[in-house]
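>>> below: sequence and its predicted model.
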Amino acid sequence: MAITKLAGGGRQHGYTTCIIAKDGTTSAVADVEGYGITGLLIPTINSANLTFTVSNLTGGTYYTVKDSDGLTFTITASTGNFAVGADELSPLFGYGFIKVVASAAQTTDAVTFTFTVKG
């Protein structure tokens, strides 16, 4: 999904969303190419931890984000309904296309995640 731009403070601020379909575990692509991620809004979800896959092309190969020790970058979301700031999301910086992956299927309903951005 493309960036929705918001006016504010002399900079371009906006957001983009990605959705995990009902009964799914992996979202559609969040296109943040050319923007800096400033936050992630995590809605109410079925209890799950979140990991992320990234690519340099929207239709390219997606890779799990890990640190230099090989540990997967994970956000413990439990039942969600909170925001995560830019500092915590730094492992995602520099990637243009991101998918959110839940450790459990989202059986209640489709779930929309919102990345806030500036550029």
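Nice, thanks for sending it over.
>>> which residues touch the residue nearest the centre of the chain?
Geometric centre of the chain, nearest residue: residue 100, 5.0 Å, by CA atoms, centre = their mean. By CB atoms under 8 Å, 6 or more residues apart in numbering, residue 100 lies in contact with 18, 20, 26-27, 30, 50, 52, 113. Where you see a C-beta, it was placed from the backbone N, CA and C, and this is true even at glycine.
>>> in the chain, which spans are strands?
4-8, 11-20, 30-31, 36-55, 63-64, 75-85, 97-102, 111-118 (DSSP state E).
>>> any chance of CSV for the ones you listed, columns mean pLDDT and distance to residue 91?
Formatted as CSV, the strands of the chain follow (pLDDT from 0 to 100; distance: least, CB to CB, whole Å):
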stretch, mean pLDDT, distance to residue 91
strand 4-8, 60, 24
strand 11-20, 87, 17
strand 30-31, 96, 15
strand 36-55, 96, 8
strand 63-64, 98, 11
strand 75-85, 92, 10
strand 97-102, 98, 11
strand 111-118, 95, 14
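>>> show me the beta-bridge partners of the closest residue to residue 28 other than its chain neighbours.
Of all residues not flanking residue 28 in the chain, residue 18 sits nearest, at 5.2 Å (CB to CB, 6 or more residues apart in numbering). On the basis of DSSP bridges, residue 18 is bridged to residue 113.
>>> and residue 18, how many neighbours?
Using other CB atoms under 10 Å, residue 18 has 21 other residues around it.
>>> ok, and the most crowded of the contacts of residue 100?
residue 30 (28 neighbours).
>>> I'd guessed residue 109 sits against residue 23; true?
No: judged on CB atoms under 8 Å, residue 109 makes no contact with residue 23 at a distance of 9.7 Å.
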